[in-house]
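Undergrad: Using only what follows, build the 3D model:
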Amino acid sequence: MITLAEMPSPSAIDAVNCSTENMRILVVEDQSQIASFIRKGLEEQGMVVD
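TA: Modelled structure (predicted):
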């Protein structure tokens, strides 16, 4: 399991010839406020969240 703190930033991903354009993240969280908070942060970084 990867925590948010361990996730590379989009600039770090781009630095290794990858792109966040095709990156999708599945968030599984039963507390809607926490899920919303995580989704918002990831989307602000340009990721697609399911």
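Undergrad: can you pull out the strands in this structure?
TA: Ranges of strands in the chain, per DSSP state E, are 24-25, 48-49.
Undergrad: any idea which of those strands scores lowest on pLDDT?
TA: Ranked by mean pLDDT, the strands of the chain end with strand 24-25 in last place, scoring a mean of 76.
Undergrad: what ranges of the chain fall below the confidence cut-off?
TA: 1-23 (pLDDT under 70).
Undergrad: Where is the longest helix in it?
TA: helix 32-44 (DSSP state H).
Undergrad: pull the CA atoms of that one into PDB?
TA: Output in PDB follows, covering the C-alpha atoms of helix 32-44 (Å, rounded to 0.1, in the frame of the first residue of the first chain):
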ATOM      1  CA  SER A  32     -17.000  10.400   2.500                       C
ATOM      2  CA  GLN A  33     -15.300  13.500   3.900                       C
ATOM      3  CA  ILE A  34     -11.800  11.800   3.900                       C
ATOM      4  CA  ALA A  35     -12.500  10.400   0.400                       C
ATOM      5  CA  SER A  36     -13.500  13.900  -0.900                       C
ATOM      6  CA  PHE A  37     -10.300  15.400   0.700                       C
ATOM      7  CA  ILE A  38      -8.100  12.800  -1.000                       C
ATOM      8  CA  ARG A  39      -9.900  13.200  -4.300                       C
ATOM      9  CA  LYS A  40      -9.500  16.900  -4.300                       C
ATOM     10  CA  GLY A  41      -5.800  16.800  -3.600                       C
ATOM     11  CA  LEU A  42      -5.100  14.200  -6.200                       C
ATOM     12  CA  GLU A  43      -7.200  16.100  -8.800                       C
ATOM     13  CA  GLU A  44      -5.400  19.300  -8.100                       C
END
